[in-house]
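> generate coordinates for the sequence data below:
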Amino acid sequence: MALSLQVIYPVGEDTHFDHAYYATTHMPLVDEHMGKHIERVLVTKGLAGGPDRPPGTYAVATMVFADKAAMDAAMAAAGPVMADIPNFTDVRPEMLIGEVIA
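The predicted structure is shown next:
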């Protein structure tokens, strides 16, 4: 069963998020350390929270894994990725692990 891991960076008062660093440095780190276990990745930059509303989320990274073993292997290799988070944001990311159903 395919699983997804979504890493969600919510907007908060007095927080920052460096999209350029995230795209050019952090995501290549994800690929370097976790990539061999990931089937595909989608990164979404928040633009709006609805009509005439600012986004409630800076970004969401969605990673899809073939199965739990692949996700566990990626997470075991994620140390350098996790250590890099303070380099682009002071937001504590939220995670959602789910079964891919469509």
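
> drop to CA atoms for contacts and neighbour counts, all remaining ones
OK.

> got the contact list for the host helix or strand of V30?
Using DSSP states H and E, the element containing V30 is helix 27-34. Residues from elsewhere that reach helix 27-34 (C-alpha atoms under 8 Å, 6 or more residues apart in numbering): A73, A74, M75, A77, A78, P80, V81.

> count of neighbours near the fourth one?
Okay, so that is A77. 17 (other C-alpha atoms under 10 Å).

> equivalent analysis for the third one, please.
Summarising burial for M75: neighbours were counted as other C-alpha under 10 Å, giving 15.

> cool, the first one as well?
The number of residues packed near A73 is 14, by other C-alpha under 10 Å.

> from D18, how far off is it?
According to C-alpha to C-alpha, to the nearest Å, A73 and D18 sit 28 Å apart.

> and if you look at the fourth one?
Counting by C-alpha to C-alpha, the gap between A77 and D18 amounts to 24 Å.

> same question, the last one
V81 sits 15 Å away from D18, taking C-alpha to C-alpha as the criterion.
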